[in-house]
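Novice: Model the structure of this input:
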Amino acid sequence: MISQVLAMMLVLIAPPHPRTVAPYVFTNVTVVPMDRERLLPGQTVVVLGDQIIALGPNGKVTIPSNAVRINGTGKFLIPGLAEMHAHIPPGPTVADSVIERVLALFALNGVTTVRGMLGDPRHLPLRTRAAAGDLVSPLIYTSSPSLNGNSMTTGVAAADSVRKYHDAGYDFLKIHPGISRAVFDTIAATAKQVGIRFAGHVPLDVGIEHAIELGYWTVDHFDGFIEGLVPETRPFTTDEDGFFGLGVVMRADESRIPILAAKAKAAGVWVVPTETLMRHVVGNFTAAEMSAWPEMRYWSKAGIAAWVEQTKGFRGEGVPAEAKVRYLDLRRKLFRGFQAAGVGFLLGSDAPQIWNVPGFSVRRELAYMVDAGLTPYQALESGTRNVAVFFGTIDKTGTVAVGKRADLVLLDANPLADIKAVGHQSGVMLGGRWLPAAEIAKRLEGLAAR
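Specialist: Numbering: from 1, shown residues only. Sure, this is the predicted structure:
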């Protein structure tokens, strides 16, 4: 029985069928190019290998005689999505099948790029395999292992780690809480010397304004910004701060939002809000309600039970209801203020962290971003074009255009009219490999928790 189960798992997480020599052609499809807010109805899109080689109105594009045709009538073609705050399982004891399962869940939901936010030496060869198409997987960008208050206690240790992670080939450094300001300054200075960026949390002793000045690549979770709205300048203690500033939210002065937004914009700092995390922990969803969400069938009972306990711990005791309401409202104002200032947003849901099943959670994140005040186009841009601008790959990815990588998602409805259309997919193309809805459903069924 065990061998039969393993055999089935290998089939379900195996790469898609090898690339055919024949091109794929989307016919009579509405293209959502994402170069700006517009629709291109009645288009023909030709893909050969991993590239879009032709795009134009029906009848104006030559369709190769050996093409595999995909009927796009009534459908909408968007660029593949990115999960910019992902967690690829780390550690030497994690089974390959577990890691590949997480990557498959992302890819089967139209996530064609992930930025891993807790790196591990195993992720470096995995990045190579994903780029080669050896897995059902998004393209991978990976952080270093965590730099945090426990591991980075001296400037010497910090400088050595920065150099080591740069030389190992990680794409950037991951910052976690607890680092002192002096040690952080050493991290930032060394990172600049060797040419590697840093991103993630903002340690309390560092503070958001100093973090901006030193050149954070991204600030994730809006971490540090609520604390930055409090007029006091001293660092807060961990107990005082609570869950991402929930403990100090009643002292926040929202008139400071434009000030912080302008500083972030001027410094070129991007924001990955991970609104899902905040709404699922601070919001009014009960653990029973979240446990019953449809995507939870793809997560283990033990994993869900752990999330229930984590939620209890994060919510704690004694947090006034008015503080929770104020917290979520203030985050909405941060969204609107930062968008108005031109700060770049990147789509990220912190999956597979608490209540965020890989792939499925970006759909909730997009909906929460729209609820917070972004337009559907602005939300979708955070997971497509913005990502390409951020990585410096706009000539190759991020929009639907000739010469771009064929990472595509075919939707049943217009996402610019209703962002929830992103959850209704007719198929996903990974670097030119087509996965129709029927195959995706079959693979997902095999990945459901038993």
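Novice: Domains in this protein, by residue range?
Specialist: Domain assignment of the chain by automatic domain parsing yields the ranges 20-79+398-431, 81-391.
Novice: what's the closest of these to E445?
Specialist: domain 81-391 (9.5 Å; CB to CB). For every residue, glycine as well, the C-beta is placed using N, CA and C.
Novice: and the closest one, average pLDDT?
Specialist: Computed over domain 81-391, the mean pLDDT rounds to 96.
Novice: ok, the residue most central in space within the chain - contacts?
Specialist: Taking CA atoms, centre = their mean, the centroid of the chain lies closest to E83, which sits 2.0 Å from it. Shown in contact with E83 (CB atoms under 8 Å, 6 or more residues apart in numbering): 106, 111, 113-115, 138, 347-349, 351, 358-359, 362, 383.
Novice: So which of these belong to helices?
Specialist: With DSSP state H as the criterion, helices contain F106, V362 from among those.
Novice: which among the contacts of E83 gets closest to Q310?
Specialist: A351 (14.3 Å).
Novice: ok, back up a step: let me know the secondary structure of the residue nearest to the centre of the chain.
Specialist: Following DSSP: H, G, I helix; E, B strand; the rest coil, we place E83 in the strand state.
Novice: re earlier: make JSON lines from the domains of the chain and add distance to R443 to it.
Specialist: Below are those laid out as JSON lines (distance: least, CB to CB, whole Å):
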{"stretch": "domain 20-79+398-431", "distance to R443": "10"}
{"stretch": "domain 81-391", "distance to R443": "6"}
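Novice: need the helices for the stretch 301-450 of the chain, in chain order.
Specialist: 301-315, 321-341, 360-371, 376-382, 385-391, 437-447 (DSSP state H, counting those that start in this stretch).
Novice: Tabulate these (TSV), appending mean neighbour count.
Specialist: Shown next, in TSV, are the helices of the stretch 301-450 of the chain (neighbours: other CB atoms under 10 Å):
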stretch	mean neighbour count
helix 301-315	14
helix 321-341	18
helix 360-371	24
helix 376-382	23
helix 385-391	21
helix 437-447	15
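Novice: TSV for the ones you listed, including distance to A199?
Specialist: Below are the helices of the stretch 301-450 of the chain laid out as TSV (distance: least, CB to CB, whole Å):
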stretch	distance to A199
helix 301-315	22
helix 321-341	16
helix 360-371	18
helix 376-382	15
helix 385-391	10
helix 437-447	29
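Novice: do you know which of those lies nearest A266?
Specialist: Closest among the helices of the stretch 301-450 of the chain, using CB to CB: helix 321-341, at 9.4 Å.
Novice: circling back to that earlier point, now for the domains of the chain, which one comes closest to A449?
Specialist: Here domain 81-391 is closest among those (CB to CB), at 4.9 Å.
Novice: Need the distance between the two termini of that closest one.
Specialist: Terminal residues of domain 81-391 are spaced 14 Å apart (CA to CA, to the nearest Å).
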